[in-house]
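Novice: need a structure here:
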Amino acid sequence: MKEDFAKPAAPGRLSQVYGDRFGVYGPYATSSAGWWLPENISVRDGVLRMFNGYKNGRPTSAGFSVDRLTRAESGSGFLTYARSEVRVRADNAMPGYGSAILWWPKYGWPATGELDFPEGSFNAEVHAYTHFTGATSGGDQSSHSAGKIWGRWHTYVTEWTPSRVAYYVDGKLIGQDTHRIPTTPFTFALQTGVSDKAQMPSRATSGNLLVDSITIWRWKA
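Specialist: Predicted coordinates:
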């Protein structure tokens, strides 16, 4: 199932225009710092924009789940094994902000695992992380680097099957894992936010994660 954002949506109106596909976060606090605000998401000229910057004295960002989109593939908002493809870029380095585009478990984290790609601070490297099944902490994971490429358009693919998780940038394999692969239902989401609470972004820093398209496939043996 693919979304290429052909319909415009004013800030805060994603749920009204794309409500059958996405579940928008907020308004509420993020897990790192700051707030997720629905008004920070808009669609213009075929591109979804996720704004990051200070509002009312605090850093704000954006997030949404793709569970309603995956419902077309699975009959629910969750899939066990899948392929995700996102084409994104950051419109500037935005020191202090970053993104996590991820497959998140329906239940039982961290023991059920997690898949993150692309993830990282916008002024640093893009990483892929496999959080292993059976983990007792969020640090039980692998890490694969794709380099400092947030500022250019790239297509990021996560392939999750019973035998491996593989990560690709523009069709090139940048890392894979073949053991302790997650086996439970996951949902897909895109999130931005403060990347390090110890180094908060300045009030002058702002920018957008730009999303050109999202495609989800259900895995078939």
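
Novice: residue nearest the centroid of this structure?
Specialist: Centroid-nearest residue in the chain: Ile101, 1.6 Å away (criterion: Cα atoms, centre = their mean).

Novice: Any figure for the gap between the residue lying closest to that residue once chain neighbours are set aside and Arg203?
Specialist: Once flanking residues are discounted, Ile101 sits nearest to Leu190: 5.0 Å by Cβ to Cβ, 6 or more residues apart in numbering. Bear in mind the C-beta positions are built from the backbone N, C-alpha and C, glycine included. Separation of Leu190 from Arg203 (Cβ to Cβ, to the nearest Å) stands at 25 Å.

Novice: neighbour count winner among those two?
Specialist: Counted by other Cβ atoms under 10 Å, Leu190 and Arg203 do not tie: Leu190 has more neighbours, with 23 against 11.

Novice: does that one really touch Ser213, like I thought?
Specialist: No - judged on Cβ atoms under 8 Å, Leu190 makes no contact with Ser213 at a distance of 11.8 Å.

Novice: got any residues that touch both of these two?
Specialist: Counting by Cβ atoms under 8 Å, 6 or more residues apart in numbering, the common neighbours of Leu190 and Ser213 are Val86.

Novice: Surely Val88 is in a strand?
Specialist: Yes - membership of Val88 in a strand is supported by DSSP: H, G, I helix; E, B strand; the rest coil.

Novice: Give me the nearest residue to it, chain neighbours excluded.
Specialist: Nearest to Val88 is Val211, by Cβ to Cβ, 6+ apart, at 5.1 Å.

Novice: Flag the shaky bits of the chain, pLDDT-wise.
Specialist: For the chain, applying pLDDT under 70 flags the ranges 68-76.

Novice: So in that sheet, which strands flank the longest strand along it, and in what orientation?
Specialist: For the chain, the longest strand by residue count, based on DSSP state E, is strand 207-218. Strand 207-218 pairs in its sheet with strand 2-3 (antiparallel), strand 47-55 (antiparallel), strand 82-90 (antiparallel), by DSSP bridges.

Novice: who's Gly207 bridged to?
Specialist: Judged by DSSP bridges, the bridge partners of Gly207 are Asn52.

Novice: Pretty sure Tyr97 is one of the things it touches, is it not?
Specialist: Yes - applying Cβ under 8 Å, one finds Gly207 in contact with Tyr97, separated by 7.2 Å.

Novice: Looking at the two, which has the bigger crowd around it?
Specialist: Taking neighbours as other Cβ under 10 Å, Gly207 and Tyr97 compare with Tyr97 leading, 30 against 20.

Novice: tell me the contacts of the more buried one?
Specialist: With Cβ under 8 Å, 6+ apart, Tyr97 has these contacts: 52, 59, 61, 121-122, 192-195, 201, 205, 207.
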